[in-house]
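Q: what follows is a predicted protein model with its sequence.
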Amino acid sequence: MSKAYVLIINESGTEDSVISNLHKIESVTEAHGTFGPHDILIKLESNDEQKIQNDISNGIRKIQKICSTLTLLVNEKDGFRKITQSEKDVLDKYMAQAFIIIHCNRSQESPILQELKEITEVVEADNLIGSFEIICKLVAPTYKIFQILLAKRFERLQTLNLRSH
């Protein structure tokens, strides 16, 4: 299964309509509003990598009100998902979610993925192609808990001199 993430900057106040249009694209499996320099993060999945590329070029980038995109391709051989689709649906509805990008050296990718697997709140992680980074998805009952979670649970990863965004 091929995967990619796309970070989107859109015109102010248009997130809901952009997300609505993104959900109409076949390979888009998740679309979330974000805080920070990007307005929306989406995940695309397909059995055909060309389908993802086509959906990005001819679908996502054609949506009005999108100003820019940043595509993050996933290295298919690495990464993990701890949850089933039905569990994901429940978490998406009832839990606060955060995506974190961890910058690291190529030699650190495998140990970091192993450490992330041990953190209960990390439900998914993928190794990105090209920039030697990892993106991971966390869930918690509320957004307030993320601050505590990040300080405590990611302490082990800080010993590897990582920066996360």
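A: Yep, that arrived. Numbers count the residues shown, from 1 in each chain.
Q: pLDDT weak spots in this protein?
A: 131-132, 153-165 (pLDDT under 70).
Q: what are the ranges of the strands in it?
A: 2-10, 28-33, 40-46, 66-73, 80-81, 96-103, 122-127, 133-140, 163-164 (DSSP state E).
Q: which one of those strands lies closest to residue 19?
A: Ranking the strands of the chain by proximity to residue 19 (C-beta to C-beta) places strand 28-33 first, at 4.8 Å. All C-beta atoms are positioned from the backbone trio N, CA, C, and that covers glycine.
Q: give me the domain ranges for this structure.
A: 2-73, 80-164 (automatic domain parsing).
Q: could you export these as JSON lines, including mean neighbour count?
A: Below are the domains of the chain laid out as JSON lines (neighbours: other C-beta atoms under 10 Å):
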{"stretch": "domain 2-73", "mean neighbour count": "16"}
{"stretch": "domain 80-164", "mean neighbour count": "15"}
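Q: what residue is smack in the middle of the protein?
A: residue 99 (5.1 Å; C-alpha atoms, centre = their mean).
Q: list the contacts of residue 6.
A: 41, 42, 44, 56, 60, 69, 70, 71, 72 (C-beta atoms under 8 Å, 6 or more residues apart in numbering).
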